[in-house]
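[1] the following block contains a protein sequence and its predicted model.
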Amino acid sequence: MGTLASTLTQVSSTLGTLNTISQGVQQLTGDNTQRKSQDLAMKQLQASQAQEKAQAERNAKLERESITLQAEQDSTRRRKALKRAMAKQNAARGASGTSSGGSGEAVLLGLYNESDEEAKQREELDKIRYNALNNDIYTLSERNILEQSQLAEQQRLQRATSGY
C-alpha cells in the first residue's frame, strides 16, 4: 500500500507539473496571438494614415497649383488693365492737345503704383494660403503620431493586464 500511495503521489505531482507547463504554453501561445493581432492593428493604422497623408499632400499640391494659376491670371489681368488705362489716358491727352509730360505721367504712375500694390497684396494672400496648406499637412502628421502612440499605449496596457 505504501508503494501505491507514493506512486500516486508522484503521478499526482507529475500531473500538476504537466498542467502548469500546459497552462504556461497556452498563455505564451495566447500572448503571441495577441501580439500578432496588435502588430497587425498597428500596421493597418499606419497604412491608413499613410494613404490619408498622401491624399492630403496631393490635394495640397493641386491647391498650390490652383493658387499659382490664379495669381498668373490676376497678374495678366492687371497688366492688361494697366495698358488699357495708359492707352485711354494717352488718347485723352492726345485728343485734348496736351503734351505727354507732367500731370499725365503722374496719373499713369499712380495707376502703375495701384497695380503694383494689388500684386503685393495678392502675393501676401498667396503666402498665407500656402502656409495654411503646409500647416494642414503638419497637423495631419502630428495627429497620426498621436494616434499611433495612443494605440501602442493601449496595446501595452492590454498586454500588461493579460499577464504578458
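    All right, it came through fine.

[2] and the strand or helix carrying Gly94, how far from the chain's centre?
    If you go by DSSP states H and E, Gly94 is part of helix 2-96. Here helix 2-96 is found 9 Å from its chain centre; the criterion is C-alpha atoms, centre = their mean, to the nearest Å.

[3] immediately after that helix, which helix or strand?
    With DSSP H and E, the next secondary element past helix 2-96 is helix 103-161.

[4] pull the distance from that next one to the chain's centre.
    Its chain's average C-alpha position is 11 Å from that of helix 103-161, according to C-alpha atoms, centre = their mean.

[5] can you give me the mean pLDDT across it?
    Mean pLDDT, computed over helix 103-161, is 87.

[6] try stretch 75-82
    Mean pLDDT, stretch 75-82: 86.

[7] burial of Leu133, as a residue count?
    Residues within reach of Leu133, counting by other C-beta atoms under 10 Å, total 19. Heads up, the C-betas are built off the backbone N, CA and C, glycines and all.

[8] does it really touch Ala60, like I thought?
    Yes. Using C-beta atoms under 8 Å, Leu133 is in contact with Ala60, at 4.4 Å.

[9] quick one: contacts for the residue nearest the centre of the chain?
    Closest residue to the average C-alpha location of the chain: Ile137 at 2.9 Å, with C-alpha atoms, centre = their mean. Listed by C-beta atoms under 8 Å, 6 or more residues apart in numbering, the contact set of Ile137 reads 53, 56-57, 60.

[10] in CSV, list these along with neighbour count.
    Shown next, in CSV, are the contacts of Ile137 (neighbours: other C-beta atoms under 10 Å):
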residue, neighbour count
Lys53, 15
Ala56, 16
Glu57, 14
Ala60, 17
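
[11] from Gln150, how far off is the residue nearest to the centre of the chain?
    Here the criterion is C-beta to C-beta, to the nearest Å. By it, Ile137 lies 21 Å from Gln150.

[12] before we move on, what about Gln46?
    As judged by C-beta to C-beta, Gln46 and Gln150 stand 13 Å apart.
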